[in-house]
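Asks: sequence? don't have it. structure:
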């Protein structure tokens with residue numbers, strides 16, 4: 001009977017501690033970068049939603065003026081015909097907007113409605129009350 005040769009073990013199969021530490025470090029760095037990017041994307045999405053909401057409300061004010069030949073006295077006058085509801089500011093998460101009232105022009109005669117009643121100045125623009133600046137342009141939210 002022939003005995004099989006026993007080979008001595010020269011190297012074990014597996015990873016060294018240094019190899020494992022390098023791999024874990026690389027995974028940690030990639031995870032850290034991903035978390036920062038996700039946070040920035042959420043903020044960018046809120047800024048985009050803010051710009052869209054402001055555009056929609058300004059368009060509703062323009063449409064209101066085109067239909068009624070006067071500016072709305074309150075944002076709630078735009079609901080439900082021009083807007084489904086007053087949107088919440090995506091940054092502050094409240095429906096508190098800065099309504100810009102158009103001052104009367106002193107050079108023009110006081111405007112009157114079809115029944116002869118004087119027309120009060122109305123909302124000509126809307127702005128956000130959110131503190132801070134945008135990521136891309138570094139423009140204050142209040143100036144969008």
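Replies: Everything's here; your move. Keep in mind that what you see is a predicted model, and the values were worked out from it rather than measured. Numbering: from 1, shown residues only.

Asks: Neighbours of residue 44, how many?
Replies: 13 (other Cβ atoms under 10 Å). No exception for glycine: its C-beta is placed from N, CA and C like everyone else's.

Asks: The closest residue to it other than its chain neighbours and residue 14, how far apart?
Replies: Leaving aside its chain neighbours, residue 44 sits nearest to residue 135 (5.9 Å; criterion: Cβ to Cβ, 6 or more residues apart in numbering). Noted for residue 135: a distance of 46 Å to residue 14, by Cβ to Cβ, to the nearest Å.

Asks: Check residue 66 too.
Replies: 76 Å.

Asks: picking up where we left off before, which of residue 135 and residue 14 has more residues huddled nearby?
Replies: Neighbour totals were compared for residue 135 and residue 14, and residue 135 leads with 12 against 7 (other Cβ under 10 Å).

Asks: which SS state does the more buried one fall under?
Replies: coil (DSSP: H, G, I helix; E, B strand; the rest coil).

Asks: OK, contacts around it?
Replies: 40, 43-44, 47 (Cβ atoms under 8 Å, 6 or more residues apart in numbering).

Asks: Report the buried members of the residues you listed.
Replies: residue 47 (16 or more other Cβ atoms under 10 Å).

Asks: Which parts of the protein are helices?
Replies: Using DSSP state H, the helices of the chain run over 17-68.

Asks: what ranges of it fall below the confidence cut-off?
Replies: Counting by pLDDT under 70, the chain contains low-confidence ranges at 1, 7-12, 104-119.
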